[in-house]
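1. only the shape, not the letters, is given here:
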């Protein structure tokens, strides 16, 4: 019930911010309401759907299962940050070209989860891609197009070394 | 016009909305946050059925940040009256009047009772916990099978019983056909309750300006004009003072064409407080208040001659609605559609179909993607497979003998549905080829020898799309347009603005409308901007539901573009002193029809038409805009058809089903954008597979929903789903010049049927048979007699 607050300092998409936040506020609510980073979405608020996925200190986490105060001192990267750095520009391009999204609500989380396969790309089967994305719920596409887009991106990166 | 070389129609083009989505720049309702926005949270009935004895809101009102606490009775004072979710087209249908929030009695767990409005959602929820409601539990009605028994309590005593609606269709003489049949197949099928699970929950932001008395609502909706009418009428605001904006919509699937009491309440709060009020359902609220669907039990019988010809079909459908019939589209459409479409691909002449829709103390049911079709197709196609097995005829061959012939249209089905421009035979032969049917059968037999149990499923289907005005909603008395509209304008720059009544929820409706407009006018795609989802901007329309956007809205866009094109050519003719029919428009230029040399650009026409009108003779008054509307004339629907194939492996020790391959051959008429059409089919299939294999809203005997989280209500995830091969047969519909039919629900409509047939094909040698969905591993093991 209490709205007690704490001051936190963290890096959000490379920018250092200091904010006073309610201790009960989730990281994704903090990013959306305090920082205006509305690319991360809320789908279930209990860690199942993956729509709120963000990177914290390099690891993909559920923004709805982590409190903002737990991110004190951390480096947080959202889909907006990944877009600005160009790190996943090829993946994004493939998502657009393959129409690997319809409503787009799961897309930021899906991209962040898929980006893990791109860091040090290895040949992967479609089944492995499917398993890797199994924690991200998409109600629109049926996943086939998403798997295509991720597969195309990995193959291209492997080709280009 | 549409078939010119390099036409935008028939071509895959990517969506602008996709480019925004990948950058996290989508703009959904909850992303919009005007200054001083308040947030609504609800106290909801914890009981399936309970009398409300008292409500104490004093402690809640004292909480920090709280600006308003409103009970159902207080909300009712701001409303013009309760809703009654009936349509006159459903003869004899009845429903209890329903208030947006419960007043004296709550009839399902989750029904809103008290609204709390505060500065943040967290504060509103804190205060809601302090609202004290005293309830007296009442008996619940949970089981649809016993809902009409004399010993079962009546939920709404004024209605006399728990019956919402009953109907019978009878054609020919079923009993005679059964008596004369060589083979009679009889079975009972049950279907679990599902819900849409759009990833973006229902969301609404209401703003009221007391000065202009204008109400602006941003909401995640498929049907802005319907919402405008319903909210205006319910809250007593003139319709023309209500603006509905649907920004990006994060999935909808039929969920977002309905009216929900909590959304009315939040809007009432915005009017009362003259401040923006936002309500976004959380996932628990979504499960406990979004419409449910599909809860049906069907007893069915098929009569067949020994050479494998279907002679009759009869079905009896018991459909479980919720506590009220959902306003304004009702809770009886699903049953009605099951009656319309079961056995729909086949040419039998004897058909009897009956249904009773009954009220239950559960979440109200209503339209969800492919309304009724997953049920009707599963029933019909399972009987077909069983009949084929009984006749010892291959199931593909059995269908080959029974589907309506491609040269037999127009005709009327045994259910009384007008059918035209369909292609069952062509679809079937295409499927045989695409799935290498004979080789697959050989592989199946070979693997059986190794103890691997695989099954091949086939399901032919029909799908009612793009309903016409003669049928249900508008004709039934609801403020829902079955027409749709386009206003198209040539701007001074030569750019084209295309405003449409149909809406996009990610299907690519805006892209498709842009392609039609650009192809018809002869301008580059880049110069067309499509506007949708704003009642202040677009001409009146029904929005997107029932696979209607391309079929209805696309034709309106085509017709509007044709009219604008004619005006442009008339003006060009005057300026160039040429006959308009010697001119054409290509790539944004009026050209000579013969050698396609450019005569004048559309930018020049736009400039003259807007700014240099003196260059035109007095009898020419350019409008450079056109509005067209389109509706079906006589038909109830534009029916489409297709066939699906599935290849699965069943682990007979664990009951696990592995989906290996899935094929869909379907006929949506003219395909505007092949990729978008394919993806509608794929996504739709997976939604159907979810229902067939995993999804069910489980209630206990007290009316408590047992699995209202995404961890407990299982949905299809990437790991379990197969790749899906899609092909289109394009038999243009004759009811429009564009020739497009609907495509959005065809995957969903038959996927449950084909996967159940595949599973049963796998376990048939063991004497196993499944007739209940979802087909959990436990269901499979029970069918195999292992548990």
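-> Sure, I can see it. All values derive from a computational prediction rather than experimental measurement. Residues are numbered from 1 along each chain as shown, chains lettered A, B, ... in the order given.

2. which stretches of chain A have low pLDDT?
-> With pLDDT under 70 as the threshold, chain A has low-confidence stretches at A:1-2.

3. how does the chain divide into domains?
-> Picked chain A for this. Listed by automatic domain parsing, the domain ranges of chain A are A:5-82, A:86-160.

4. correction: the question concerned chain B.
-> Domain segmentation of chain B under automatic domain parsing yields B:16-26+B:483-630, B:32-138+B:197-289, B:292-469+B:634-783.

5. before we move on, back to that, now render the domains of chain A as TSV, adding distance to chain B and mean neighbour count.
-> The way it works is simple: take the backbone N, C-alpha and C, and place the C-beta from them, glycine included. Conversion of the domains of chain A to TSV gives the following (distance: least, Cβ to the nearest Cβ, whole Å; neighbours: other Cβ atoms under 10 Å in any protein chain shown):
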stretch	distance to chain B	mean neighbour count
domain A:5-82	2	20
domain A:86-160	3	21
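
6. want to throw the ones you listed into CSV with distance to residue B:448?
-> Below are the domains of chain A laid out as CSV (distance: least, Cβ to Cβ, whole Å):
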stretch, distance to residue B:448
domain A:5-82, 38
domain A:86-160, 24
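
7. hang on, the earlier thing: closest to chain A out of the domains of chain B?
-> For chain A, the closest of the domains of chain B is domain B:16-26+B:483-630, at 2.1 Å, according to Cβ to the nearest Cβ.

8. averaged pLDDT, the closest one. What do you get?
-> For domain B:16-26+B:483-630, the mean per-residue pLDDT is 97.

9. try stretch B:438-454
-> Averaging pLDDT along stretch B:438-454 gives 98.

10. quick one: residue B:604 is in a strand?
-> No - secondary structure of residue B:604 (DSSP: H, G, I helix; E, B strand; the rest coil): helix, not part of a strand.

11. for it, give its distance to residue B:588.
-> For residue B:604, the distance to residue B:588 (Cβ to Cβ, to the nearest Å) stands at 10 Å.

12. between these two, point out the one with more neighbours.
-> Taking neighbours as other Cβ atoms under 10 Å in any protein chain shown, residue B:604 and residue B:588 compare with residue B:588 leading, 21 against 16.

13. give the contact list for the more buried one.
-> B:494, B:522, B:523, B:524, B:527, B:601, B:602, B:603 (Cβ atoms under 8 Å, 6 or more residues apart in numbering or on different chains).

14. what about 6 Å?
-> By Cβ atoms under 6 Å, 6 or more residues apart in numbering or on different chains, the contact set of residue B:588 is B:523, B:524, B:602.

15. can you lay out the residues you listed as TSV showing distance to chain A and neighbour count?
-> TSV is the format used below for these (distance: Cβ to the nearest Cβ, whole Å; neighbours: other Cβ atoms under 10 Å in any protein chain shown):
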residue	distance to chain A	neighbour count
B:523	23	25
B:524	19	14
B:602	28	27
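
16. point out the residues in the stretch 151-300 of chain B that sit beside chain A.
-> By the rule Cβ under 6 Å from any Cβ of the partner chain, the part of the stretch 151-300 of chain B lying against chain A is B:197, B:199, B:200, B:250, B:251, B:283.

17. as a check, name the ranges of all strands in the stretch 301-450 of chain B.
-> Taking DSSP state E, counting those that start in this stretch, the strands of the stretch 301-450 of chain B run over residues B:310-320, B:350-358, B:411-412, B:418-419.

18. again, but for chain A
-> Using DSSP state E, the strands of chain A run over A:5-12, A:15-22, A:53-56, A:59-62, A:75-77.

19. so which of these comes closest to residue A:37?
-> For residue A:37, the closest of the strands of chain A is strand A:5-12, at 7.2 Å, according to Cβ to Cβ.

20. which residues are contacting the closest one?
-> Counting by Cβ under 6 Å, 6+ apart, A:18, A:20, A:21, A:22, A:23, A:35, A:69, A:71, A:72, A:74, A:75, A:76 sit against strand A:5-12.

21. next, the angle from that strand to strand A:15-22.
-> Interaxial angle of strand A:5-12 relative to strand A:15-22 (axes from the mean of the first three to the mean of the last three Cα atoms, to 10 degrees): 160 degrees.

22. pairing partners for strand A:5-12, with directions?
-> Strands that pair with strand A:5-12, judged by DSSP bridges, come out as strand A:15-22 (antiparallel), strand A:75-77 (parallel).

23. need these in CSV with distance to residue B:93, can you?
-> Output for these, formatted as CSV (distance: least, Cβ to Cβ, whole Å):
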stretch, distance to residue B:93
strand A:15-22, 49
strand A:75-77, 54
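
24. tell me where chain A has helices.
-> With DSSP state H, the ranges of helices along chain A come out as A:27-29, A:79-85, A:89-97, A:107-115, A:126-132, A:144-160.

25. out of those, nearest to residue B:137?
-> Proximity to residue B:137 (Cβ to Cβ) singles out helix A:27-29 among these, at 35.8 Å.

26. give me the number of residues near the residue lying closest to residue B:600 once chain neighbours are set aside?
-> Leaving aside its chain neighbours, residue B:600 sits nearest to residue B:590 (4.9 Å; criterion: Cβ to Cβ, 6 or more residues apart in numbering or on different chains). A count of nearby residues for residue B:590, using other Cβ under 10 Å, gives 26.

27. next, the buried residues of whichever strand or helix holds residue B:590.
-> Using DSSP states H and E, residue B:590 falls within strand B:589-592. By neighbour count on 16 or more other Cβ atoms under 10 Å in any protein chain shown, the buried set for strand B:589-592 is B:589, B:590, B:591.

28. before we move on, back to that, just flag the most distant two among the contacts of strand A:5-12.
-> Farthest pair in the contacts of strand A:5-12, by Cβ to Cβ: A:22 and A:75, 21.9 Å.

29. hang on, the earlier thing: partners of the strand holding residue B:590 in the sheet?
-> strand B:583-586 (antiparallel), strand B:598-601 (antiparallel).

30. what does it rub up against?
-> With Cβ under 6 Å, 6+ apart as the test, strand B:589-592 has contacts from B:572, B:583, B:584, B:598, B:599, B:600, B:601.

31. repeat the analysis, applying 8 Å as the threshold.
-> B:568-569, B:572, B:576, B:582-585, B:597-602, B:605.

32. ok, which of the helices of chain A comes nearest residue B:156?
-> Set against residue B:156 and scored by Cβ to Cβ, these come closest in helix A:27-29, at 40.6 Å.

33. how far away from the center of its chain is the closest one?
-> 12 Å (Cα atoms, centre = their mean, to the nearest Å).

34. kindly report the same for stretch B:668-679.
-> 17 Å.

35. which positions in that stretch come out as buried?
-> B:668, B:669, B:670, B:671, B:672, B:673, B:675, B:676, B:677, B:678, B:679.

36. picking that back up, any chance of TSV for the strands of chain A, columns distance to residue B:267?
-> Output for the strands of chain A, formatted as TSV (distance: least, Cβ to Cβ, whole Å):
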stretch	distance to residue B:267
strand A:5-12	32
strand A:15-22	28
strand A:53-56	33
strand A:59-62	32
strand A:75-77	35
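
37. ok, which of the ones you listed comes nearest residue B:547?
-> strand A:53-56 (32.2 Å).

38. what pairs with that closest one, parallel or antiparallel?
-> With DSSP bridges as the test, strand A:53-56 pairs up with strand A:59-62 (antiparallel), strand A:75-77 (antiparallel).

39. so what touches it?
-> Strand A:53-56 has contacts (Cβ under 8 Å, 6+ apart) with A:27-28, A:31, A:40, A:60-63, A:66, A:71, A:74-78, A:82, A:108-109, A:112-113, A:136.

40. switch the cut-off to 7 Å
-> The contact list for strand A:53-56, computed with Cβ atoms under 7 Å, 6 or more residues apart in numbering or on different chains, reads A:27, A:31, A:40, A:60-63, A:66, A:71, A:74, A:76-78, A:109, A:112-113.
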